[in-house]
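Asks: quick one, what's the 3D model for this:
(one chain, ligands or ions: 1)
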Amino acid sequence: MKPIRLGKNLTRDIKRGHPWVYKKALDPKSLPKQSGWYQLADQKGKPLAYGLFDKGSELAFRVFSVGLPKDPVQLMRQRISRAFELRAHLETSQSTSGYRWVHGEGDLLPGLVVDRFAETAVVQFDGQTLHHVWDLDAITDCLLQVDSKLQRVVFKPQSGKGEAKVVHGTGEHLSEFLEHGMKWTADVIHGQKTGFFLDQRENRQIVKSLSHQWRVLNLFCYTGGFSVAAGVGGASQVVSVDISKPAIEAAKQHWQMNDLDLKKHEAHALNVFDYLEQSRGAQFDLVVVDPPAFASSRAAVEKAAVSYEKVFSEAAKKVRPGGLMAFSSCSRPVDFQIFTEIVTASLSKARRVGQVLSISGQPMDHPYPQACQELRYLKFFLLKLD
Ligand SMILES: C[S@@+](CC[C@H](N)C(=O)[O-])C[C@H]1O[C@@H](n2cnc3c(N)ncnc32)[C@H](O)[C@@H]1O
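Replies: Numbers count the residues shown, from 1 in each chain. From the prediction side, this is the model:
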């Protein structure tokens with residue numbers, strides 16, 4: 001098979017560990033007709049790397065290895081096993097059986113995501129056509145070999161790209177698991193993403209540690225992650241808001257599963273903007289705002305900033321003087337610098353002045369290559385507002 005050639009000199013970046021080449025940086029004459037595994041050559045035709053070509057995506061080539069691996073399947077197995085070992089402490093010392101087992105490029109397995117919910121693993125691919133390129137059977141065999149406790153493997157396409165299917169084992173659509181001792185379920189068939197937003201695990205711990213005797217508002221709550229964390233932390237009242245009815249039902253279920261007082265939780269299946277409008281005058285000690293990714297590409301950042309500023313500024317008005325607000329975003333193209341500017345503009349719009357208490361992001365089961373800051377995607381800024 002003829003190698004794909006670089007059209008731009010990215011040799012140094014690739015050798016430093018940057019795993020991505022956009023279509024515009026590839027020689028158009030060298031592009032194959034089909035997605036698949038290919039060699040990548042430099043501009044002079046010298047072999048450089050091996051990886052996945054994603055025909056339908058601007059992010060066209062993802063590096064699996066610099067140089068040509070002797071046995072790619074064996075290398076995949078080694079990397080899945082290494083990723084498993086990296087997370088071993090979560091289960092043993094942190095009472096956590098729900099975590100991201102494979103985080104794509106961060107584990108040198110480009111485009112491959114595996115989330116583990118106790119005995120269930122959920123496989124998902126990032127990209128337009130990568131589900132045709134990665135060998136799902138080989139991945140499933142490998143997961144089962146590495147983790148003897150695994151009972152079930154589910155393939156869950158990205159939203160809008162088909163139905164989830166169980167590829168090994170049987171079981172309910174809900175998988176139970178623990179996160180820092182809190183009890184959860186993930187709907188691994190119908191839920192959003194792989195069923196649960198595991199990436200906010202350590203940020204939920206921050207909320208848990210602050211919430212004692214506080215009134216907490218959780219906007220875009222999904223299945224109540226921050227709500228239950230606040231409840232377990234001793235919140236006097238928690239209000240959860242999400243547009244998805246099944247998510248709100250699950251949030252109520254999770255509150256109950258964790259033996260929390262039902263009188264202390266109010267859950268609304270509502271558009272956040274409608275809730276903010278309807279609840280004029282309500283004030284909280286802590287407001288958490290974790291909207292969906294408003295920007296999926298760099299071109300969409302400007303428009304997304306307007307949406308973030310709108311929701312953050314309205315939410316800031318719900319924070320009592322001296323209360324706290326958590327601003328979060330999972331949009332990849334919105335980096336920490338841009339997000340700082342969005343938070344500044346939102347506070348200014350709300351006529352509030354902020355004091356930064358902490359800035360955090362994704363936990364260690366969501367690693368990224370140091371050379372690829374684009375994969376440092378989760379932002380979680382905690383501020384005290386005047
Ligand atoms: C990033 S997720 C939140 C994850 C959540 N914080 C957690 O820890 O599980 C974004 C959520 O926003 C919800 N959503 C999207 N648009 C909404 C809207 N206009 N109003 C309310 N919820 C919305 C989605 O249903 C989804 O649950």
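
Asks: quick one: contacts for the spatially closest residue to residue 157 that is not a sequence neighbour?
Replies: In space, not counting the residues next to it along the chain, residue 157 is nearest to residue 131; the distance is 6.5 Å by C-beta to C-beta, 6 or more residues apart in numbering. For glycine as for every other residue, the C-beta is placed from the backbone atoms N, C-alpha and C. The contact partners of residue 131, by C-beta atoms under 8 Å, 6 or more residues apart in numbering, come to 125, 155, 157, 161.

Asks: does residue 131 count as helix, strand or coil?
Replies: helix (DSSP: H, G, I helix; E, B strand; the rest coil).

Asks: before we move on, what about residue 228?
Replies: Assigned state for residue 228: helix (three-state reduction, three-state DSSP).

Asks: out of the contacts of residue 131, which are inside strands?
Replies: Cross-referencing these against strands under DSSP state E gives 125, 155.

Asks: out of the contacts of residue 131, which end up buried?
Replies: Using 16 or more other C-beta atoms under 10 Å as the burial test, the contacts of residue 131 include 125, 155 as buried.

Asks: and the ligand, which of the contacts of residue 131 reach it?
Replies: Of the entries in these, none also sits close to the ligand under the rule C-beta under 6 Å from any ligand atom.

Asks: Serialize the contacts of residue 131 to TSV and add fields for pLDDT.
Replies: As requested, the contacts of residue 131 are arranged in TSV below (pLDDT from 0 to 100):
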residue	pLDDT
125	96
155	97
157	95
161	84
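
Asks: show me what the helix or strand of the chain at the bottom of the mean pLDDT ranking packs onto, helices and strands only.
Replies: When the helices and strands of the chain are compared on mean pLDDT, DSSP states H and E, helix 88-94 comes out lowest with a mean of 89. Helices and strands touching helix 88-94, by 3 or more C-beta pairs under 8 Å, 6 or more residues apart in numbering; DSSP states H and E: there are none.

Asks: C-terminal to it, what's the next element?
Replies: Elements were assigned by DSSP states H and E; along the chain past helix 88-94, the next helix or strand is strand 98-103.

Asks: now that following strand: average pLDDT?
Replies: The predicted model gives strand 98-103 an average pLDDT of 98.

Asks: over to stretch 271-278?
Replies: For stretch 271-278, the mean per-residue pLDDT is 97.

Asks: now do the buried residues in it.
Replies: Of the residues in stretch 271-278, those scored as buried under the neighbour-count criterion (16+ other C-beta under 10 Å) are 272, 275-276.

Asks: for that stretch, the distance to its chain's centre please.
Replies: Distance of stretch 271-278 from its chain centroid, counting by C-alpha atoms, centre = their mean, to the nearest Å, is 25 Å.

Asks: and if you look at stretch 112-123?
Replies: Taking the mean of its C-alpha atoms, stretch 112-123 sits 13 Å from the chain's own mean (C-alpha atoms, centre = their mean).

Asks: coming back round to it: with the buried residues of stretch 271-278 in mind, which one is nearest to the ligand?
Replies: residue 272 (3.8 Å; C-beta to the nearest ligand atom).

Asks: return the distance of the closest residue to that closest one other than its chain neighbours relative to the ligand.
Replies: Counting by C-beta to C-beta, 6+ apart, residue 272 lies nearest to residue 219, which is 5.0 Å off, once chain neighbours are set aside. When distance is defined by C-beta to the nearest ligand atom, to the nearest Å, residue 219 is 7 Å away from the ligand.

Asks: and residue 219, what does it touch?
Replies: Applying C-beta under 8 Å, 6+ apart to residue 219 gives the contacts 241, 272, 275-276, 287-291, 311, 315.

Asks: what about 6 Å?
Replies: Residue 219 is in contact with 241, 272, 289, 315, counting by C-beta atoms under 6 Å, 6 or more residues apart in numbering.

Asks: now residue 69
Replies: When contacts are counted by C-beta under 6 Å, 6+ apart, residue 69 is found next to residue 75.

Asks: and it, that one's in a helix?
Replies: No: per three-state DSSP, residue 69 lies outside any helix segment and is coil.

Asks: pLDDT score assigned to it?
Replies: We note a pLDDT of 96 for residue 69 in this prediction.

Asks: for residue 56, same thing?
Replies: 88.

Asks: can you tell me the closest non-neighbouring residue to it?
Replies: The spatially closest residue to residue 56, leaving aside those adjacent along the chain, is residue 128, at 3.4 Å (C-beta to C-beta, 6+ apart).

Asks: quick check: the one you found is in a strand.
Replies: No: looking at residue 128 with three-state DSSP, it is coil, so not inside a strand.

Asks: how many neighbours does the residue in the stretch 201-350 of the chain positioned nearest to the ligand have?
Replies: Across the stretch 201-350 of the chain, the shortest distance to the ligand (C-beta to the nearest ligand atom) belongs to residue 225, at 3.0 Å. Other residues lying near residue 225 total 26 when counted by other C-beta atoms under 10 Å.

Asks: for residue 269, see how far away it is.
Replies: From residue 225 across to residue 269, the span is 16 Å (C-beta to C-beta, to the nearest Å).

Asks: likewise for residue 362?
Replies: As judged by C-beta to C-beta, residue 362 and residue 269 stand 28 Å apart.

Asks: quick one, which of those two is more surrounded?
Replies: Neighbour count, other C-beta under 10 Å: between residue 362 and residue 269, residue 362 has more, with 24 against 16.

Asks: how about that one, nearest residue that isn't a chain neighbour?
Replies: Counting by C-beta to C-beta, 6+ apart, residue 378 is the residue found nearest to residue 362 once chain neighbours are left out, at 4.1 Å.

Asks: what about that neighbour, how many residues nearby?
Replies: A total of 19 residues lie near residue 378 under the criterion other C-beta under 10 Å.

Asks: ditto for residue 96
Replies: Here the neighbour count serves as a burial measure; for residue 96 (other C-beta under 10 Å) it reads 21.

Asks: same thing with residue 217?
Replies: Quick note: residue 217 (other C-beta under 10 Å) scores 30 neighbours.

Asks: mind checking which helix or strand it is in?
Replies: Using DSSP H and E, the element containing residue 217 is strand 215-219.
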